[in-house]
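Participant: Kindly return the folded structure for what I paste below:
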Amino acid sequence: MFRQRAGSSLCPSCRKLNSVDAPVCMYCGRKNPGLWGYGPAVGRLLGDLNFARVVTGVSIAAYVASLLLNPRAAMHLSNPLDLLAPGGAALDALGMTGAYAWARGRWWTLFTAIYLHGSLLHVLFNLLWINQLAPAVEELYGRSRLILIFTAAGVLGFVASNWVGIAFTIGASGSIFGLLGAMVAYGRRRGGTFGVAILRQYGQWALVLFVLGFLMAGVNNFAHAGGFVGGYLTAMALGHAEGQREGSTLQLAATAAILLTALSFALALWIAFAR
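Facilitator: Below you'll find the model as predicted:
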């Protein structure tokens with residue numbers, strides 16, 4: 001069962017045992033340390049989660065599915081950058097976003113499109129950056145904040161892109177720019193020698209990637225800019241960990257983001273195949 005109705009659980013703040021239904025932690029005073037019985041399940045989910053690997057696995061699975069849905073389209077090669085590019089109908093079925101989906105009320109595509117990619121090089125490039133940046137963000141912000149920053153940045157990047165009228169768009173690059181924005185936010189807030197070093201390194205990476213976006217065809221720079229701003233603002237709002245354990249509110253929010261993404265994929269597949 002996902003909800004534990006009896007027994008004990010660890011308080012997310014002080015990590016000491018309390019009754020799972022205790023209204024207040026008897027050690028540190030935190031309210032609802034058992035998260036209404038959901039605390040143990042949330043702790044197991046987030047405690048065992050390697051988010052970069054999960055994103056990698058979901059993105060690869062979605063990419064393979066998009067190829068299998070229309071193998072003939074994937075074999076069409078207009079230029080080397082389009083190697084093994086899925087067909088538009090397959091991507092639409094799996095949850096591609098853009099002004100087209102936006103006009104039809106498909107809000108869930110803001111979440112699903114993060115994990116969809118348009119070619120072999122596209123998915124490999126994005127996954128390399130995610131596995132480079134996610135561990136650094138998790139170290140400074142914590143796992144729950146990482147999940148929230150990644151998800152919020154991707155969604156806000158697509159909101160900006162859809163708002164200006166980009167018809168069709170996919171990819172995790174908005175979330176990647178959000179991770180860069182979070183590191184820049186940390187550097188500015190942290191200050192000192194370490195903060196300045198973080199600010200310079202990740203700020204330079206963001207600038208180089210943003211400029212490269214203008215030099216390559218088909219790059220959605222509005223999603224990049226929106227993702228960077230979304231990641232920066234989300235990181236500033238959540239604050240960074242500084243060695244402190246994440247509280248129950250952050251853990252619940254991160255779990256909600258994961259469940260909402262899963263629900264979004266379920267909606268996309270149901271709309272495409274079950275109706």
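Participant: From here on, just use CA atoms for contacts and neighbour counts.
Facilitator: Fine.
Participant: what mean pLDDT would you report for stretch 60-69?
Facilitator: Averaging pLDDT along stretch 60-69 gives 95.
Participant: actually stretch 267-275, not the one I wrote
Facilitator: For stretch 267-275, mean pLDDT rounds to 86.
Participant: Please apply the same query to stretch 117-131.
Facilitator: Averaged over stretch 117-131, pLDDT sits at 95.
Participant: shaky segments in the protein?
Facilitator: Residue ranges of the chain with pLDDT under 70: 1-22, 26-49, 74, 76-81, 242-245, 275.
Participant: residue ranges for the strands of it, please.
Facilitator: 8-10, 17-19 (DSSP state E).
Participant: what residues are up against Ser119?
Facilitator: When contacts are counted by Cα atoms under 8 Å, 6 or more residues apart in numbering, Ser119 touches 81-86.
Participant: CA atoms only for stretch 53-73, dumped as PDB, please.
Facilitator: This file holds the C-alpha atoms of stretch 53-73, laid out as PDB (Å, rounded to 0.1, in the frame of the first residue of the first chain):
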ATOM      1  CA  ARG A  53      19.000   8.000 -14.800                       C
ATOM      2  CA  VAL A  54      15.200   8.100 -14.700                       C
ATOM      3  CA  VAL A  55      15.200  11.000 -17.200                       C
ATOM      4  CA  THR A  56      17.600   9.100 -19.400                       C
ATOM      5  CA  GLY A  57      15.500   5.900 -19.300                       C
ATOM      6  CA  VAL A  58      12.200   7.700 -20.000                       C
ATOM      7  CA  SER A  59      13.700   9.700 -22.800                       C
ATOM      8  CA  ILE A  60      15.300   6.700 -24.500                       C
ATOM      9  CA  ALA A  61      12.100   4.700 -24.100                       C
ATOM     10  CA  ALA A  62      10.000   7.500 -25.600                       C
ATOM     11  CA  TYR A  63      12.500   7.900 -28.400                       C
ATOM     12  CA  VAL A  64      12.400   4.200 -29.300                       C
ATOM     13  CA  ALA A  65       8.600   4.200 -29.100                       C
ATOM     14  CA  SER A  66       8.500   7.200 -31.500                       C
ATOM     15  CA  LEU A  67      10.700   5.300 -34.000                       C
ATOM     16  CA  LEU A  68       8.600   2.100 -33.700                       C
ATOM     17  CA  LEU A  69       5.300   3.900 -34.300                       C
ATOM     18  CA  ASN A  70       6.500   5.000 -37.800                       C
ATOM     19  CA  PRO A  71       9.700   3.200 -38.900                       C
ATOM     20  CA  ARG A  72       9.400   4.400 -42.500                       C
ATOM     21  CA  ALA A  73       9.600   8.000 -41.400                       C
END
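Participant: List the buried residues of that stretch.
Facilitator: For stretch 53-73, burial by neighbour count (16 or more other Cα atoms under 10 Å) applies to 55-56, 59-60, 62-67, 69-71, 73.
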